[in-house]
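# Coordinates for the following, if possible.
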Amino acid sequence: MAVFRPTYRNPKTGELKQSSVWWCDFMYYGRRIRESTGQTKKTLAVAYETRRRRELETAVAGVPVPKAEDRIRDLKSILEEWIEVRTAGKKAKTRAYIRERCAHLMKHLGSYLACDVTEAVVAQYVGKREEEGAAAVSINREVFLLSKALRVDRKTAWPELGQSRQTKQPVGKALTEAEAERLLAAAARNRSRYALPFIATALYTGFRAGEIRTLRWRQIDFIDGWVRSELSKTVAGQFREVPLLPELKQILAAHRAWIQEKLRRPPEPEHYVFPFSSRGMPVDPERPCTNIASSWWAVRDAAGVSCRLHDLRHTYATRLLEAGASEAVVRELMGHVDRQVIQRYTHMGRTAKQEAIQKAFAAKSNSHAKESPKVGHSGPETAEGVGESKPLIFQ
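Coordinates of the predicted model:
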């Protein structure tokens, strides 16, 4: 027996009646499953039985079954609740990362009911994120978080959905001097007063966005000219010191004066350089700002420069090596111990490569001109094939 409508006797009249609600009755793993479907239509009752069998298969496989009430909730509310539970007790960086990834899920799938998030819907989401230029690793991570929020196993719920695999693209880029100047000029014109000092700090120190966001005034030595990083991604990057360039010193001094004017008190050493703000104005110097994403996108578009904020760190490393700094110095300033990581961060420009080639082959040309071609010949150098200068390759 699959689905049926049970009969019952009216306790008052004794009349035998048939229920309007369909029930399901089947055997699974030697256990009889007999329960109400809650449906008055047979087609819906059959669908309930099919879904119930799938849930039991999932339970036998050891996969947690989602709550029944979650099936008719919108995905945005499910994600918000899951984020609160998932990020409880986690580091600030972990919480920010999960929220950043889930923001894309809410944007594209937030209005969907949980029961409507089918394999085809998830595949469409992957396609949209690829069109937006998202990296494959980010897309796969977002799909993973979606499965966790829905309490389903990815391979069980979406068996045909494979991993996003994109053509490998160069990691990062280094800005040219002209691009960096346009970026700083656009930041100076931006309505956010955080844009210029934040972007200039990234460009002139090579600090990561998280290091800049949590930067405190005690970490900046205006007298001796040093900036110290404390909260770094790597152990090698903690408590490293970077010279404070005059350009950056002037920008940060002006930023400090503006903060003091708006808060009506001088910043204390423990206060954040980029304090928590509301409507573009600093309000709480004891809390760091969340991010400058909107300002960064506006500055980048206004400057006509296609890059990531992290590419300013790539630019910093590349400029150091182009200026002749040793890899040991670059690793110390960047906070890395592996030279392979430095190689990923350096992108030598065409001008630097041309100058290196010209210097190398110019030196070779000069050495050839000074050498004497008299080996094995005692006569004058006017004979054919003797004393003639031969062109150098690539010269």
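# can you pull the contacts of the spatially most central residue of the chain?
Nearest to the mean C-alpha position of the chain, by C-alpha atoms, centre = their mean, lies residue 138 at 6.9 Å. Residues counted as contacts of residue 138 (C-beta atoms under 8 Å, 6 or more residues apart in numbering) are 101, 129. For glycine as for every other residue, the C-beta is placed from the backbone atoms N, C-alpha and C.
# where are the low-confidence patches of the stretch 201-350 of the chain?
Applying pLDDT under 70 to the stretch 201-350 of the chain picks out residues 232-238, 336-350.
# which element is residue 54 on?
Using DSSP states H and E, residue 54 falls within helix 42-60.
# ah, wrong one, I meant residue 290
Per DSSP H and E: residue 290 is located in neither a helix nor a strand.
# from what I can see it touches residue 278, true?
No. The pair residue 290 / residue 278 is not scored as a contact, 11.0 Å apart, by C-beta atoms under 8 Å.
# higher neighbour count, these two?
The residue with more neighbours, out of residue 290 and residue 278 and counting by other C-beta atoms under 10 Å, is residue 290; that gives 12 against 8.
# For the residue nearest to the centre of the chain, give its distance to residue 8.
56 Å (C-beta to C-beta, to the nearest Å).
# any idea of the mean pLDDT in stretch 29-41?
For stretch 29-41, mean pLDDT is 87.
# Could you list the buried residues of the helix or strand hosting residue 181?
Using DSSP H and E, residue 181 sits within helix 177-189. Neighbour counts over helix 177-189 (16 or more other C-beta atoms under 10 Å) mark 179, 180, 182, 183, 184, 186, 187 as buried.
# would TSV of the residues you listed with pLDDT and distance to residue 134 be doable?
As requested, the buried residues of helix 177-189 are arranged in TSV below (pLDDT from 0 to 100; distance: C-beta to C-beta, whole Å):
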residue	pLDDT	distance to residue 134
179	94	23
180	95	26
182	96	26
183	96	23
184	96	28
186	96	25
187	96	25
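# returning to what we had before: which elements pack onto the helix holding residue 181?
Contacts defined by 3 or more C-beta pairs under 8 Å, 6 or more residues apart in numbering; DSSP states H and E place helix 177-189 against helix 195-205, helix 293-303.
# got the angle for it vs helix 293-303?
Note on geometry: by axes from the mean of the first three to the mean of the last three C-alpha atoms, to 10 degrees, helix 177-189 and helix 293-303 are set 130 degrees apart in direction.
# Show residues contacting helix 177-189.
Contacts of helix 177-189 (C-beta under 8 Å, 6+ apart): 175, 195-196, 199-200, 203, 299-300, 302-305, 307, 315.
# For it, list the C-alpha coordinates in CSV.
Backbone C-alpha positions of helix 177-189 (Å, rounded to 0.1, in the frame of the first residue of the first chain) are rendered in CSV as follows:
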residue,chain,number,x,y,z
GLU,A,177,53.2,54.6,-12.3
ALA,A,178,50.5,56.3,-14.4
GLU,A,179,47.8,54.0,-13.1
ALA,A,180,48.9,54.6,-9.5
GLU,A,181,48.8,58.3,-10.0
ARG,A,182,45.3,58.3,-11.5
LEU,A,183,44.2,56.1,-8.7
LEU,A,184,45.5,58.5,-6.0
ALA,A,185,44.0,61.5,-7.8
ALA,A,186,40.6,59.8,-8.0
ALA,A,187,40.8,58.9,-4.3
ALA,A,188,41.5,62.6,-3.5
ARG,A,189,38.4,63.6,-5.3
